[in-house]
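Enquirer: One predicted model, sequence on top.
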Protein chains: 6
Amino acid sequence: MSKKAYFPFTAIVGQEKMKRALILNLINPALGGVLIKGEKGTAKSTAVRALTEVLPERREVQGCPFSCDPDDNSCQCDSCRSKAELTAVTSRMRVVDLPVSATEDRVVGTLDIEKALTTGEKHFEPGILADANRNILYIDEINLLDDHVVDVILDSAAMGVNTVEREGVSFSHPAKFVLVGTMNPEEGDLRPQLLDRFGLVVDVCGEKDIQMRTEVVKRYLEYEQAPEAFLEKWRPEQEKLCLKINEARKLLNRVSYSDDILRLAAEISISLGVDGHRADISMIKTACTNAAYEGRNAVSKEDMKLAAELVLPHRMRRKPFEEQRMDIDSVYEMIESSEGI
Amino acid sequence: MSKKAYFPFTAIVGQEKMKRALILNLINPALGGVLIKGEKGTAKSTAVRALTEVLPERREVQGCPFSCDPDDNSCQCDSCRSKAELTAVTSRMRVVDLPVSATEDRVVGTLDIEKALTTGEKHFEPGILADANRNILYIDEINLLDDHVVDVILDSAAMGVNTVEREGVSFSHPAKFVLVGTMNPEEGDLRPQLLDRFGLVVDVCGEKDIQMRTEVVKRYLEYEQAPEAFLEKWRPEQEKLCLKINEARKLLNRVSYSDDILRLAAEISISLGVDGHRADISMIKTACTNAAYEGRNAVSKEDMKLAAELVLPHRMRRKPFEEQRMDIDSVYEMIESSEGI
Amino acid sequence: MSKKAYFPFTAIVGQEKMKRALILNLINPALGGVLIKGEKGTAKSTAVRALTEVLPERREVQGCPFSCDPDDNSCQCDSCRSKAELTAVTSRMRVVDLPVSATEDRVVGTLDIEKALTTGEKHFEPGILADANRNILYIDEINLLDDHVVDVILDSAAMGVNTVEREGVSFSHPAKFVLVGTMNPEEGDLRPQLLDRFGLVVDVCGEKDIQMRTEVVKRYLEYEQAPEAFLEKWRPEQEKLCLKINEARKLLNRVSYSDDILRLAAEISISLGVDGHRADISMIKTACTNAAYEGRNAVSKEDMKLAAELVLPHRMRRKPFEEQRMDIDSVYEMIESSEGI
Amino acid sequence: MSKKAYFPFTAIVGQEKMKRALILNLINPALGGVLIKGEKGTAKSTAVRALTEVLPERREVQGCPFSCDPDDNSCQCDSCRSKAELTAVTSRMRVVDLPVSATEDRVVGTLDIEKALTTGEKHFEPGILADANRNILYIDEINLLDDHVVDVILDSAAMGVNTVEREGVSFSHPAKFVLVGTMNPEEGDLRPQLLDRFGLVVDVCGEKDIQMRTEVVKRYLEYEQAPEAFLEKWRPEQEKLCLKINEARKLLNRVSYSDDILRLAAEISISLGVDGHRADISMIKTACTNAAYEGRNAVSKEDMKLAAELVLPHRMRRKPFEEQRMDIDSVYEMIESSEGI
Amino acid sequence: MSKKAYFPFTAIVGQEKMKRALILNLINPALGGVLIKGEKGTAKSTAVRALTEVLPERREVQGCPFSCDPDDNSCQCDSCRSKAELTAVTSRMRVVDLPVSATEDRVVGTLDIEKALTTGEKHFEPGILADANRNILYIDEINLLDDHVVDVILDSAAMGVNTVEREGVSFSHPAKFVLVGTMNPEEGDLRPQLLDRFGLVVDVCGEKDIQMRTEVVKRYLEYEQAPEAFLEKWRPEQEKLCLKINEARKLLNRVSYSDDILRLAAEISISLGVDGHRADISMIKTACTNAAYEGRNAVSKEDMKLAAELVLPHRMRRKPFEEQRMDIDSVYEMIESSEGI
Amino acid sequence: MSKKAYFPFTAIVGQEKMKRALILNLINPALGGVLIKGEKGTAKSTAVRALTEVLPERREVQGCPFSCDPDDNSCQCDSCRSKAELTAVTSRMRVVDLPVSATEDRVVGTLDIEKALTTGEKHFEPGILADANRNILYIDEINLLDDHVVDVILDSAAMGVNTVEREGVSFSHPAKFVLVGTMNPEEGDLRPQLLDRFGLVVDVCGEKDIQMRTEVVKRYLEYEQAPEAFLEKWRPEQEKLCLKINEARKLLNRVSYSDDILRLAAEISISLGVDGHRADISMIKTACTNAAYEGRNAVSKEDMKLAAELVLPHRMRRKPFEEQRMDIDSVYEMIESSEGI
């Protein structure tokens, strides 16, 4: 079927935190993905699909079903690694859909055992995780996902590898992806384990400002009536964003942070009673990435504020009978008053 | 078996809102379907089946199992798109039944994997969703539908495409349909996700006026005793309605709305605490379609009133321990007092 | 196995309302069947099986597994409809049993898919619904029936057609039947949907009058000791009843009712808060059939009284915390005081 | 394996009511079986298995898997009925075991569909119900029986026929049996439907008299140490019982009862609030059979007393919050004071 | 794998009652097995496995998968019984493990139906119950056993026969075994039915005496470090026990008991409210076996005391809201004061 | 795929008890494994995987799928035991992963029955337990493991053998492994049976000291940015640890303990109410191993203190309504005041 045109990412009205969280993950896939929570009709999946048009390009091995990186053999598939020479092509990252109704077979791929046993040759039919390698894996209504499928995704996310085993035959391939999920909290919570896998979490709600709300509807109806004209109109904005993302990707490795930043992150986590160390690490990395997006090569207090907002809320330990909402102001204060930054 | 004759749509006594909601969807399939809620014996399914006789005609590709539109290749099936020339025929839209007991296989169709693997050719046996493309998909007792089947229908409804995947082979075809559901609220609620997919919702109840109730029974018994004579008697009414619908379809694209209308819709949604933006968009589109049905080319206050009634009630957020019935009078007042319309 | 001799219908002591409800359905299969509710040992299933001996004769196509009507091609099976000429035979209606443990396959019949795919010819193995066409479908302990089987029976009852679909092949045949169910209310209620399908409902209980109760036991023991002598003794009564039923069938189409009757039915329904219109329609049809059974060609007040008793009780809306037993006396009064009948 | 020798029925100490109920069913298989309720270790199943040695002889068709009666073709299997001549053999009734873990297939038998379809000949592999025809079907721990198996047994018990259907092929054979069940009420109740199928019910408990209890243990240890000597010792008692049972079988058809007896049964049932008529009928038949066992040809008050004890207790309607234990004394009084008996 | 050496039975410190109960069952397999209840780490399964080294020898048919007794054809398998001559070998009883995760197929064995149907010859693959015949069947964590497997074991235990039936083909073999179970009461109770099957029950707990507890650990560590030396050291004790068991087996049939003993057993059961007669019978048999172990040929008061302790506790009827612990002292008193023993 | 480099074990900040428990098991595989409990993000699985780099070497049979020990034929597989000569190779122990989603088949391996039946040769496809023999079996989120899989692991752990049986064919191989589990107690408890299998248990929590917490994050980010440089930097520490472990392994068999130590262990267990004897035995063995790690050849009070901390907490009997936290100070006191050590 013909290629679908999505609503332009830059034409989405408001929802700045959600848009920023998505962009930061495009710049730095090691941030650990984004979970977007919000009621129906709040443009969550529209935003994710809209990413398609602003995704950066990267080199991949031509014809490889896992889009292996020709320049880094540490996580290539066996076939790529065994080849003397690899032909590279340049292509865009993709948003790969994982439908809620997908079966485990469809997600991990299938091994043709009979063929393996008779010909001695492994025949692997790639699944969604193969497709997702070095791309964005998008799961809408992620809280409704089957527990069994969640398990295999968590395994892959943790190891960066998807392994399929059947009757003693096994096949592995790299499966590193940016996990993006959307969910309506009215329809049930997310399993804590899965929640913890997300680097960043944002809550979105419908626009309450009448001017902006009118603008939302107006743009949507304008797009629906004449999609191509609308896309044309927004093309300059889209190109500007692409450029900015690519600049940030190049700058990212040169962003530096002081020991005071490390200490600040630890202080925030301890003061909020966050167990484990993932929060501290995520804060630092998110702050660096934001600095890169803003064109700076050192982490600022503003970067830390944004990082705290995106990283901390879902990592608080929940205690029974205790209302525990993160007091963002007190965190801001800690950041403001920290020295040496 | 021989062609069934249905009770004439125009002979249905009363139930004006239900009839209008159905007609508006015939005029504008982008309204997002209708859900009709009511106790047993309130002519819900009689009305939907009666649509059969007043459905508009449209052109479709001859012999295509998906009834592809010969004039719009953006959503044709692969086979139609690959052909140099297409033969078009004119035919009526159809009401396609999805029985509550239908299995997922029957709904999405089946892929003959063995054939695919041995001959290399995909063989797809179309299901109900194939049949439903560009038609009305009718689900009686929709609240009793199996969750798994609901999932695949929601997926198709959201994407306009039905994708079947088995063991790494996949097949897609367009699946855009007007979703019409009927249900008895005594037998359980509808899953919120599914409810939200419906553009319009109407509640119906049995006739309370004794004159009209006697008329209902009289017409039914008259029809049962001599169906053909009854149909003959109502033919002029039926033809009048068909004509009106066709006129409206032609007028629809020329109906205009002012920015004040957009603003009014946003104000109504905000004042009622409707989250998300689907309500605003649906109100505008429903109002435009009603204007077209009434032969007008600009949206009036009356159109907005009707739209509000059909679009808003099922989109209110439900809060525990809070009686929340939409105060339609206050909405009417907002509409009446809005300026510039 | 040899033909079973049943206890004679006319020898059943008392239980007049149950017997009348069954007879009316023999006269007019469009009444929508009977549900008989009562504790164990109250001769419910004895009565239904006893019908066998008083069932009317009708013409059917020789050799057709669906007993098609040779004189009405509007609901013949495909095979009958495709034949130039049909041989008719005269035979009695039958009581077809649907055991509670019947599987869906057994109920709807089976399609031999392999044969269909290899020979291109559909091979359908008829099920219980095929057998039931134009006969009585009897379900003992209907409240224990599997939900899935209930669904397919409801579908067939609603459409008059049984459709079997497997892997894209489908087969339909007419399936119009008088649905008769018996149940012990101590063992669970009937699903509302299924209850609503029954035109008439009667409650039966064991005989409380000592004279009659003694007579019940006496006749049973007499029958058990010498069944053939007993049958012989009751043959004249049985033949009298058969004759009366046949006369009534001929008279039925000539029974007339005034507009006042229609109005009365509507008034009763509204005053009792019956939603929907099935109750009104059923009352009229039941009254007409009773008139025919009594040899009259116009509906009388007595007919309406009986109809109200058989049609209304199970159609009352049940409200929580509200004792709602139909006040039959007030209905009688409405009927008595209605004018023009 | 070698034929098992059972503990002699006549050597069972005490438990008179249980032994009488079993004997009455041997004399009159139409009594509807016995349910024996009692705690573990109360010789319930010992008693049932001990029946084996005192079962009456009857004629059956040689080689017929259903033990058809050569002298009554009204309930022979198709094969026996189709033969011009039948060879009869004399054999004892048998106790046929239905283990709690039996599958439905094992109970009803299996139809070899492939053979049926290829050769056109039905091949039926008989199950336990085939074996049970004209014999005793014994179910230990009947309250633990799978619901599905209960259903098929109830169907057969009700119809006297076992019907197996698979993919449109069906096979029927007679399945009339005396149903004997034992259960420990500590392990759950019996489904009411199944309880109602039993003509007679007895409660047993361990012997409380020290003399008798010592005798119980003594006999058991004596039997265990030297089974054959023990059997020899009790042979005369066993033969006496067999003779008495056979005499009673011959006398049974000549036992008469007055209308006063019928009236008395009805009065008892009404006064105890027993719904339905099975209790009355069972009382009469049990009283007649007991009269035959006692060598009398008319029902006495003593017969009615025993019958009331065995027939009534499990047929009382249970009402919530109401202690309802049958007052056997008041029933005795009604019997004593009834006239004309 | 190489033969495993078990911890010597005689080296187990303390736990005298458990050890005695196991030994008595080796002497007299008709005692009905032992259930050992105790918390984890109390040497329960160590003791059972240790039995392996002290099991008595007996003659069995060479090559018979059911270890048939060549000297008693009353419970041989069909194959052994059909042979003119049997070769006997002498071998030790075995401890046969039934793992909690064993499937029903594995327990009862499997019938190769296809072979049976094509060659007419039954092919039976023996299961655990075949192995268990004339041996000890050991079930660790018996309270976690699948209900279905419990059923088949109970059936076999009750009949001494294992019968496998599939599609009308059946195969039986003798399955008489000493059932030994161990369980941790913290992990759930035993189904009452299964509890009742055990002739003897003992409760064990960890050693509380510091001297003995130190000895337990010392012996264990000594064994773990140098198993073979340890076994050698204990060999004399082991051989002494074997000899004593064999002597007792020979003496057992000559142990006598008076009528007073029978009366005493009955009195004890009645006074404790034990229903059924299994307790009385078990007490007598256990007392006889203990007498034989002690080298006496008449039952003494001491034998009865031990028997009462092993037989009674688990046979008390449990009543709600009533603390009912057997008062062993009062039983001792009854035994002491009984005359004629 | 290329060999993964793990975070160095010696670079883990803090968590001394967890690291010690893991090391002790490497020195003495008979300690019975470690369970590590702690909230997410506390480096539990990082520590286990990091073991990979410090695992000791041992000799194994070349090409044997069970890594059999060439020098100890008492627990070799059948194939190794049947060979006249075995080629030995030196290799490191491995950490074998058991994913929570692993099926029973995958864990125990599979038997190819068809091959076995047709060729008479057993064909066994080794599973995870084969791999685990003489290695570390690691189960992350062990509390989420399927009960059925837990059962087979417990069976193997108890017997040191994995036995696979299918349709009467069975295959066994040695399966002795160090069981290491990690779990988040927020996500459910561990089945008591499984808990009891672990020799040692440690609780871990996130670092609360700000200096150390900053160090944790710093090292992690340093490792993530340049893994190879980081590994290089820590190589000396890693090699030092390896050496120490190997020294301890050699010393272990020469560590001695006095009878006073045995007595002390028994006293501690009794005073804490620990049932069974596993706690005493584990304390002794853990203390010996710690002595070896510290380079001593006699158990000291310090060894006993550490052993008590690792062995006792999870072995306390839990009583309802009683807060029971082990008072480690009182245990320390008992150790300090014990004489002769």
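Expert: All right, it came through fine. Quantities reported herein were computed from a predicted structural model and do not represent experimental measurements. Numbers count the residues shown, from 1 in each chain, chains lettered A, B, ... in the order given.
Enquirer: Could I get the full set of helices for the stretch 201-341 of chain A?
Expert: A:210-225, A:227-252, A:259-271, A:278-293, A:301-311, A:328-337 (DSSP state H, counting those that start in this stretch).
Enquirer: which other helices and strands contact the fourth one?
Expert: Helices and strands touching helix A:278-293, as assessed by 3 or more Cβ pairs under 8 Å, 6 or more residues apart in numbering or on different chains; DSSP states H and E, comprise helix A:16-27, helix A:227-252, helix A:259-271, helix A:301-311, helix F:210-225. Backbone N, C-alpha and C define where each C-beta goes, glycine included.
Enquirer: Could you export that helix as PDB, CA atoms only?
Expert: Extracted in PDB, the C-alpha atoms of helix A:278-293 (Å, rounded to 0.1, in the frame of the first residue of the first chain):
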ATOM      1  CA  ARG A 278      19.400   4.000  37.900                       C
ATOM      2  CA  ALA A 279      17.800   7.400  38.600                       C
ATOM      3  CA  ASP A 280      21.200   9.100  39.200                       C
ATOM      4  CA  ILE A 281      22.700   7.700  36.000                       C
ATOM      5  CA  SER A 282      19.600   8.600  34.000                       C
ATOM      6  CA  MET A 283      19.600  12.200  35.300                       C
ATOM      7  CA  ILE A 284      23.200  12.700  34.200                       C
ATOM      8  CA  LYS A 285      22.700  11.200  30.700                       C
ATOM      9  CA  THR A 286      19.500  13.100  30.100                       C
ATOM     10  CA  ALA A 287      21.100  16.400  31.200                       C
ATOM     11  CA  CYS A 288      24.000  15.800  28.800                       C
ATOM     12  CA  THR A 289      21.700  15.100  26.000                       C
ATOM     13  CA  ASN A 290      19.600  18.200  26.600                       C
ATOM     14  CA  ALA A 291      22.800  20.300  26.700                       C
ATOM     15  CA  ALA A 292      23.700  18.900  23.300                       C
ATOM     16  CA  TYR A 293      20.200  19.700  22.000                       C
END
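Enquirer: what's the angle from it to helix A:16-27?
Expert: Counting by axes from the mean of the first three to the mean of the last three Cα atoms, to 10 degrees, helix A:278-293 lies at 90 degrees to helix A:16-27.
Enquirer: Specify the angle between helix A:278-293 and helix A:259-271 in degrees.
Expert: Going by the same axes, to 10 degrees, helix A:278-293 makes 140 degrees with helix A:259-271.
Enquirer: what's the answer for the first one, then?
Expert: Compare the direction of helix A:210-225 with that of helix A:259-271 by the same axes, to 10 degrees and you get 100 degrees.
Enquirer: Identify the residue of the stretch 51-200 of chain A closest to chain C, quick one.
Expert: Distances between the stretch 51-200 of chain A and chain C by Cβ to the nearest Cβ are smallest at A:Thr103, namely 19.4 Å.
Enquirer: Give the closest residue to that residue in space, chain neighbours not counted.
Expert: A:Val149 (7.6 Å; Cβ to Cβ, 6 or more residues apart in numbering or on different chains).
Enquirer: Please tell me how far the residue in the stretch 51-200 of chain A that chain B sits nearest to sits from B:Val95.
Expert: Among residues of the stretch 51-200 of chain A, the one nearest chain B by Cβ to the nearest Cβ turns out to be A:Glu125. It sits 3.7 Å away. With distances taken as Cβ to Cβ, to the nearest Å, A:Glu125 is found 39 Å from B:Val95.
Enquirer: Same check on A:Val149?
Expert: 36 Å.
Enquirer: ok, back up a step: okay, the residue nearest to A:Thr103: pLDDT?
Expert: You'll see A:Val149 listed with a pLDDT of 86.
Enquirer: Quick one: neighbours of it, just the number.
Expert: Neighbour count for A:Val149, taken as other Cβ atoms under 10 Å in any protein chain shown: 20.
Enquirer: again with A:Arg92
Expert: 15.
Enquirer: now do the one 5 residues further on
Expert: Using other Cβ under 10 Å, A:Asp97 has 20 neighbouring residues.
Enquirer: so what's the nearest residue in space to it that is not next to it in sequence up against?
Expert: Once flanking residues are discounted, A:Asp97 sits nearest to A:Tyr138: 5.6 Å by Cβ to Cβ, 6+ apart. A:Tyr138 is in contact with A:48-49, A:95-98, A:180-182, counting by Cβ atoms under 8 Å, 6 or more residues apart in numbering or on different chains.
Enquirer: if we can go back for a sec, highest mean neighbour count out of the helices of the stretch 201-341 of chain A?
Expert: helix A:278-293 (a mean of 26; mean count of other Cβ atoms under 10 Å in any protein chain shown).
Enquirer: For that one, what is the distance to the chain centroid?
Expert: Computed by Cα atoms, centre = their mean, to the nearest Å, the chain-centroid distance of helix A:278-293 equals 14 Å.
Enquirer: for stretch A:47-57, same thing?
Expert: With Cα atoms, centre = their mean, you get 11 Å for stretch A:47-57.
Enquirer: For that stretch, C-alpha coordinates in PDB please.
Expert: Taking C-alpha atoms only, stretch A:47-57 is exported to PDB below (Å, rounded to 0.1, in the frame of the first residue of the first chain):
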ATOM      1  CA  ALA A  47       3.300  12.500  18.200                       C
ATOM      2  CA  VAL A  48       5.100   9.100  18.100                       C
ATOM      3  CA  ARG A  49       4.100   8.400  14.500                       C
ATOM      4  CA  ALA A  50       5.000  12.000  13.600                       C
ATOM      5  CA  LEU A  51       8.600  11.200  14.600                       C
ATOM      6  CA  THR A  52       8.900   9.300  11.400                       C
ATOM      7  CA  GLU A  53       9.500  12.400   9.400                       C
ATOM      8  CA  VAL A  54      12.200  13.800  11.700                       C
ATOM      9  CA  LEU A  55      14.200  10.700  12.400                       C
ATOM     10  CA  PRO A  56      18.000  11.000  11.800                       C
ATOM     11  CA  GLU A  57      19.800   9.000   9.200                       C
END
